[in-house]
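Novice: need coordinates for the following:
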Amino acid sequence: LTMTFRMMLALLSKTKSASSVFRLSRHLATASAEGRRRFSDEPKQRTSKVKKKEKKSSSDGGSGRSRDLEVLLACLDAPKVNPPPADEEEMARRERILKNYTIGKFKQHNQENHDIACKLRMKQHAINMLPRNSKLKENALEIDDTYPPRWRKIPAWTPPIPGFDSSEFMITEE
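Specialist: Next comes the predicted model:
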């Protein structure tokens, strides 16, 4: 999998065309009879290993790749570090914590749903207590789907108090 990413990133850093990426993905999908993936249409030929002369490295390492690509490839090639296994006592402690957390979240969920159900029941009861065919009941059943005013700076549970000036209560140093 790492090799796949490395090949795609190298191809993308050299060319920007989508056709070359498509060609690469097509070759990745087809495997040779040996179980290896090939990136060329020609049959595999045996080559002799010849030592090549090393080129002098330039300022970017001589690979022709950008530093960002090199960092990304280094991250992909980094070995995975697994934490040490926990002993039985620690595993039992973790299971207790998980069980208590699950029970607590279950109770919290039930309390919130009960609270909402009670509020809806009280709202429906209050609407039913209003006189029939009255303007109050019509206004209570009307759904307000307008957005909050633009001058309201922060979300709040309650609308602002008319005529309230918070600067009167600010403590300023003189």
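
Novice: which helix or strand contains residue 139?
Specialist: Secondary-structure assignment from DSSP states H and E places residue 139 in helix 135-141.

Novice: gap between the two ends of stretch 132-146?
Specialist: This stretch, stretch 132-146, spans 26 Å end to end (CA to CA, to the nearest Å).

Novice: cool, and stretch 74-93?
Specialist: The first residue of stretch 74-93 is 37 Å away from its last residue (CA to CA).

Novice: other residues contacting the helix holding residue 139?
Specialist: Residues outside helix 135-141 that contact it (CB atoms under 8 Å, 6 or more residues apart in numbering) are 126, 127, 130, 131. C-betas here are computed from N, CA, C, even on glycine.

Novice: what's near enough to touch the first one?
Specialist: This means residue 126. With contacts defined as CB under 8 Å, 6+ apart, the neighbours of residue 126 are residue 140.

Novice: check the last one too.
Specialist: Contacts here follow CB under 8 Å, 6+ apart; on that basis residue 131 touches residue 137.

Novice: and it, its phi and psi?
Specialist: Geometry field for residue 131 lists phi and psi as phi -60, psi 140, criterion degrees, to the nearest 10.

Novice: next one: the second one
Specialist: Recorded main-chain torsions at residue 127 are phi -70, psi -40, according to degrees, to the nearest 10.

Novice: just for this protein, where's the confidence low?
Specialist: In the prediction, the chain carries residues with pLDDT under 70 at positions 1-63, 152, 174.

Novice: in it, which spans are helices?
Specialist: With helices called from DSSP state H, the chain shows them at 2-14, 18-29, 67-77, 88-129, 135-141.

Novice: got these as CSV, with distance to residue 155 columns?
Specialist: Putting those into CSV (distance: least, CB to CB, whole Å) gives the following:
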stretch, distance to residue 155
helix 2-14, 42
helix 18-29, 44
helix 67-77, 39
helix 88-129, 19
helix 135-141, 24
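
Novice: pick the most deeply packed of these.
Specialist: helix 2-14 (a mean of 14; mean count of other CB atoms under 10 Å).

Novice: about what we covered before: what's the closest of the contacts of helix 135-141 to residue 157?
Specialist: residue 126 (19.0 Å; CB to CB).

Novice: what's the separation between that closest one and residue 100?
Specialist: The spacing between residue 126 and residue 100, counted by CB to CB, to the nearest Å, is 39 Å.

Novice: residue 167: neighbour count?
Specialist: Other residues lying near residue 167 total 6 when counted by other CB atoms under 10 Å.

Novice: can you pull the contacts of it?
Specialist: Taking CB under 8 Å, 6+ apart as the definition of contact, residue 167 has no neighbours.
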